[in-house]
Structures are given as C-alpha cells and as structure tokens.
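Asks: My questions concern the predicted model and sequence given below.
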Amino acid sequence: MTDFDAIDALLAGARKEVPLPSVAERRALREELNLSRAQVAQVLGVGPSTVGGWESGRDPSGEVREKYAYFLEGARTKLAAEAASAEAGASAEAAAEGSDEDVRATQAVPGTDADTDANTDTDTDTTRSVGQDDDVDVLAAPQPCVLCGQPARHQVAGFPQHLEPTECGKAGPARPQAPAPGTENREPAPADRRHQPERVGVKVVPVGRRMQTADSPDPIGSAVAAALAEHAGDVEAATRALVKRAIPDAMALLDHSRKGGRYDVIAHPWLPDVLQKETSRGADQIWEARPKWSRPELPPGEHEVTALDVNGAYLSALKTHLPLGQLEHSTGDHHDRRRSGVHLITPPAWDHEAHLPNPIGSRDEPGPLWVTEPTLRLLLRVSGPKYGLCDPPEIHESWTSGATEGLLEKFRVALKDARDRAIAADDEVTLEYVKAMYSKFVSTLGESNYNRELYRTDWMHLIRSQAFANLWWKAHRAYDQGLLVVRAMGTDELHVIGDWRAVFPEGRGVTEVKVKDVYSVGAGPTA
C-alpha cells in the first residue's frame, strides 16, 4: 500500500463523533422514562457506574458512544410523542367539557323539555321518566349512569342513564343513608370492625445491629450458596471461585447499595498529574503515610511483647471522606472540611519518635510532599489544642472536590454484617469471600484491567491512608492508656507491652483485635 492509499484509507475510516445531549439532559431523559442506570447499562454492555459517569460529565467514545447517542435520541423522541399525545388528549377533554356546559345551559333554560323533565324527578331519585320527545341516543359502549353509576346503554339529553326504572340501580350498591341525628361522629361498632380488612405488617429480622425486612435480598449469601451448590459442597473449590469473582461482585454490591443515594459520583474523572503514574511500572506522587516504625529503646529488663492484629483494617477505612466529583485545584494555606482530596504540604517536625510513630510515616527526605485527606486531617487534629503534639502543617496547594464521609457506608455495613454472620456461623467460605471483596475493591480502584467500572485513584489512596491513620490512633490510644508501644506496621499490626486487654477488646470483630504473636525481648536478671 502506498502512502496515498494509506491516507485514503485513513480518511475513509475517519468520522466525526456523534454529538450527545448535555449532561443534565442525559439523566433527565433516563429518569423521565423511569429507567434505572442498571437497565441502560445492561443494553449498552457497560456497568451502571459507567452510565453514572456519563451523566456526571464523562463522555463515551467509539461504538458505545453511538449506542448511547441512539438511546438518548430514542428517549427524546418517545417523550416528545407522549407529551404530544397528552396535549391532544387534554384538548379533546377541554372540548368535551365545553360541549357538556352547552348542554347544561340548554337544560337550565326554563320552559325547555329538559327543564321540565328534570323537575319531574321523584324524591326517591331512582330514575327519571323519559317521554317520546326526549333526546335519546344509543351509546356505542356502556357508560356509567348519572343516577346510579351502573353501566347504561342509552344517553338522554346528553347524559348516560337507564331508560327503565327497574334497571337503574339493579346491580348497584345501596345508597348511603344519612346518619341519624347525633351519630355523625361515632366510631363503627366493634362488630363492624371485625369485618374490616386486617392490615398485614412487614416482617423484619435482625441482621447485625440493624433490622431489615425478612425478604430483603442477600447477594453475598446467595452467591456463597450458589458456589457451594455448583461445586457439590467442595469448600476449597467454592472459595476459589468466589475469590475469583470478588471484584465484579463487589461492584454489583456497590451499585445495589447506592440505590436511592443522595450523591452522584463521577466514575472516571480527569485526574491531575500528581495522580498519574510517571512510568507504566512506577508510582504517582501521592504519599500514603504508611507506618513502618519501631521503638528505638526499651526500659531495662525482659519484656513480653504482644503483636496485635487489627481486624478488617481496609473494611473500616471505607468510612472516610471521599471526593464525589472531579478534583479542582486551589492554592493557599487553607483547609475546607467540606471537601476532600490530596494536598501539597510541608509536614511539621515530629519530636515523639521515641514513643509514637510519625503521623506521616517513615520519610527520610525533607521538604513538601503530597498527602491525602486522612493524613492531613490527622496532622491538623494532633496539632490542635487537645493534643498539641506538633505544629500545624503548612498547606501550599490542593486538588479537592465536595466530599462526604458516608458515601460507601451502606456498602461497608453490608460487608461488615456479612462478615459478622460468617464469624458467628464459623463460615470460612463467606469470610474469605467478603475479605476478597473489600480488599480487591480498594486495590483495583486505580488503573486496573480487572475493574474498569470505577477508576478513582484518589479514592484508592484515601482509603489506604485512612487505614494507616486508624492504626496510628490505636497506637496513640495504647500510649495514652499506659502501654509501651513497640512497633506499628502497615495497616493492621501493633506491638505493645502491658495489659492490652484493658485497652482493646479481644475478638474477630472489626472493632476488636486478636493476638498475632507473643514474644520476649530484653535480658532477664543475671544470677
């Protein structure tokens, strides 16, 4: 192929992208048709979170863009047709009402046949007498009689009604009788109450610390039961299968927990350079403040050290301030607690290395660095008047968005409750499945081939650093309660000397700790 042929082929294949409606109209079109994001996502072959991203500012490309544009144009056409039909129906109804008014006006004129007939109604109001001079028409379809409400096949002077008194009210309900004087406000007699339909309550059951309806779906329990059935009760095979599908299942659970949520989330926002990897195998510029601290010196003598394991560290860290939309840039030494993101700061000096780990972790290089919202909030809190452990950090610039701490709360509680039930039932299959769901959810929020529904590298850093901040606070609690803090590592390992059970509850719950190891350090007394 010559260069000119290649150019011709390029021009032949090139085409302008299909235009899309505004972001607000995209969502409005879907909602006016009472369609969920999941329904739209299913027909387009994407995830519900992706549709949410399109409705929050992100644009699709390629073939899926054409499909989405086709859906939106079809939705617009359908809604326009329904609006036109409703308008035509309203016009016809208004015209009919005008015709009825004309008929009523004619009947109200004294001396007319209609007025005469109206005055011949008996007191019992069973029906009216119809003379030969009345305007009687046969109806194409039965209509409610103006006197008894039952279907009538004739129309007299423009009003549907029965021609024969014996037909009027034949199958209708008895007319309500006026209450006897003095009985208007009395309640029905007890005998009457017995014939009233009984209201059926909603059955509820306790799930964790909450109540839920008895027939509420349990996607986690259903998935575990299906996996065990598929593998004929083989626990190991079922566990492997569940762990393998943990990421899509976690995303489905997240979508389910977001139903009726107050906030829209941008699933694939534009990210600033500080959150971009410098190389394919490198890292971005965000410092997560991972603790890797060891106490430099212990008191003389031999000591028994207990290595504590913090349960569900990443699960607890899902409760953190997460930015909803695309991050926006700002400068200046100011922190807005209603927003969240990443910040370039100069950290304060830390003078407590002999007793407590540095809140920013082990960092050898001095100077400014990019930290996440949980790290900044930790520094601001410990530098405040209540603790006074250091000076406040200096903020140089920030990338933030409006935030909420409860964005993943329903998702977190669903996983926590499933974990609690699994522990109570000694169900290791569910326990491993839930652990894989929340740990893989966090690890694939960044650039990942395994999770393309939600690309929030900022969330990944924030959740991780929240886990590190939570561990720091446990170390401070141990120190404040008189324990010797010996070591703090990662998200879930804390080594202490002393009666730790007086400080931390023991168990497997997310608010509890369990023993990972017990060892001795130091020299015993010499003979």
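Replies: Cool, the structure landed.

Asks: Tell me how far D333 lies from P393.
Replies: 9 Å (Cβ to Cβ, to the nearest Å). For every residue, glycine as well, the C-beta is placed using N, CA and C.

Asks: no no, Y314
Replies: 25 Å.

Asks: S340 too?
Replies: S340 is 16 Å from P393, by Cβ to Cβ.

Asks: Those two - which one has more neighbours?
Replies: S340 (29 against 23; other Cβ atoms under 10 Å).

Asks: ok, R456 - contacts?
Replies: A267, P269, L322, L445, G446 (Cβ atoms under 8 Å, 6 or more residues apart in numbering).

Asks: Report the beta-bridge partners for the third one.
Replies: Spelled out, that is L322. T404 (DSSP bridges).

Asks: lowest-pLDDT helix or strand in the chain?
Replies: When the helices and strands of the chain are compared on mean pLDDT, DSSP states H and E, helix 113-119 comes out lowest with a mean of 41.

Asks: where does the residue nearest to R381 when sequence neighbours are not counted fall, phi/psi-wise?
Replies: Spatial nearest neighbour of R381, excluding adjacent residues (Cβ to Cβ, 6 or more residues apart in numbering): Y387 at 6.9 Å. Per-residue torsions, Y387: phi -110, psi -50 (degrees, to the nearest 10).

Asks: for L408, same thing?
Replies: Torsion angles, degrees, to the nearest 10, at L408: phi -100, psi 20.

Asks: Surely it is in contact with L322?
Replies: Yes. Counting by Cβ atoms under 8 Å, L408 touches L322, with 6.9 Å between them.

Asks: Any stretches of this protein with poor pLDDT?
Replies: 1-2, 12-15, 89-136, 146-147, 156-158, 164-216, 524-527 (pLDDT under 70).

Asks: What are the buried residues along stretch 245-264?
Replies: Neighbour counts over stretch 245-264 (16 or more other Cβ atoms under 10 Å) mark A246, I247, D249, A250, M251, A252, L253, L254, D255, S257, R258, D264 as buried.

Asks: Out of those residues, list just those in helices.
Replies: Using DSSP state H, the subset of those located in helices is A246, I247, D249, A250, M251, A252, L253, L254, D255, S257.

Asks: which residues in the stretch 1-150 of the chain form strands?
Replies: 136-144 (DSSP state E, counting those that start in this stretch).

Asks: The stretch 151-300 of the chain too?
Replies: With DSSP E, counting those that start in this stretch as the criterion, the stretch 151-300 of the chain has strands at 151-156, 159-160, 204-207, 210-213, 286-287, 292-294.

Asks: so how far is Y387 from the residue nearest to the spatial centre of the chain?
Replies: Nearest residue to the geometric centre of the chain (Cα atoms, centre = their mean): R258, 1.3 Å. To Y387, R258 is 36 Å away according to Cβ to Cβ.

Asks: cool, and A28?
Replies: 49 Å.

Asks: So if I had to pick from the two, which one is more boxed in?
Replies: In this view A28 and Y387 are compared by other Cβ under 10 Å, and A28 has more residues nearby, 16 against 11.

Asks: what's the helix or strand for V434?
Replies: Element membership of V434 [criterion: DSSP states H and E] is helix 428-443.

Asks: can you list the residues that contact that helix?
Replies: By Cβ under 8 Å, 6+ apart, helix 428-443 touches 220-221, 223-224, 227-228, 235, 238-239, 242-243, 246-247, 249-251, 253-254, 312, 314-315, 317-318, 412, 415, 418-419, 421-423, 450-451, 460, 463-464.

Asks: angle of that helix against helix 246-257?
Replies: With axes from the mean of the first three to the mean of the last three Cα atoms, to 10 degrees defining the directions, helix 428-443 sits at 80 degrees from helix 246-257.

Asks: can you count the residues close to the closest residue to G45 other than its chain neighbours?
Replies: Leaving out its chain neighbours, the residue that sits closest to G45 by Cβ to Cβ, 6+ apart is V64, at 7.1 Å. Residue neighbour count, defined by other Cβ under 10 Å, stands at 14 for V64.

Asks: these two touch, right, V64 and V46?
Replies: Yes. In this structure V64 lies within contact range of V46 using Cβ under 8 Å: 6.5 Å.

Asks: which residues touch R281?
Replies: So R281 contacts nothing (Cβ under 8 Å, 6+ apart).

Asks: State the phi and psi torsions of it.
Replies: phi -110, psi 0.

Asks: Tell me how far it lies from L445.
Replies: Distance from R281 to L445, by Cβ to Cβ: 18 Å.

Asks: which residues does L33 contact?
Replies: Contacts of L33 by Cβ under 8 Å, 6+ apart are A75, K78, L79.

Asks: for whatever helix or strand R421 lives in, packing partners?
Replies: Under the criterion of DSSP H and E, R421 resides in helix 409-424. With contacts taken as 3 or more Cβ pairs under 8 Å, 6 or more residues apart in numbering; DSSP states H and E, helix 409-424 sits against helix 219-230, helix 246-257, helix 313-317, helix 428-443.

Asks: I figured E493 was touching V486, is that so?
Replies: No. If you go by Cβ under 8 Å, E493 and V486 don't touch, sitting 10.8 Å apart.

Asks: Settle it for me: which of the two has more neighbours?
Replies: Set E493 next to V486 and count neighbours by other Cβ under 10 Å: V486 wins out with 20 against 17.

Asks: name the element that one belongs to?
Replies: With DSSP H and E as the test, V486 turns up in strand 484-489.

Asks: Now do the buried residues in that strand.
Replies: Within strand 484-489, judged by 16+ other Cβ under 10 Å, the buried ones are L484, V485, V486, R487, A488, M489.

Asks: so what secondary structure elements neighbour it?
Replies: strand 292-294, strand 303-310, helix 457-480, strand 493-497.

Asks: mind listing what the shortest one pairs with, with the direction of each?
Replies: Pointing back at strand 292-294 there. Here, using DSSP bridges, strand 292-294 pairs with strand 484-489 (antiparallel).

Asks: now swap in the last one and tell me
Replies: Here the strand partners of strand 493-497, with direction, are listed using DSSP bridges: strand 303-310 (antiparallel), strand 484-489 (antiparallel).

Asks: Reformat those strands as JSON lines; add distance to G53.
Replies: Shown next, in JSON lines, are those (distance: least, Cβ to Cβ, whole Å):
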{"stretch": "strand 303-310", "distance to G53": "34"}
{"stretch": "strand 484-489", "distance to G53": "37"}
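
Asks: What's the local residue count around A283?
Replies: When neighbours are defined as other Cβ under 10 Å, A283 has 10 of them.

Asks: Ramachandran angles for it?
Replies: Dihedral angles for A283 - degrees, to the nearest 10 - are phi -130, psi 170.

Asks: do you know how far it is from W370?
Replies: To W370, A283 is 11 Å away according to Cβ to Cβ.

Asks: Same question for R76.
Replies: 44 Å.

Asks: Grab the nearest non-local neighbour of R412.
Replies: Using Cβ to Cβ, 6+ apart, the nearest residue to R412 is L318, at 4.1 Å.

Asks: residue contacts, the one you found?
Replies: L318 makes contact with L408, E409, F411, R412, L415, Y438, V442, I463, according to Cβ under 8 Å, 6+ apart.

Asks: who wins for neighbours among the contacts of R456?
Replies: L322 (24 neighbours).
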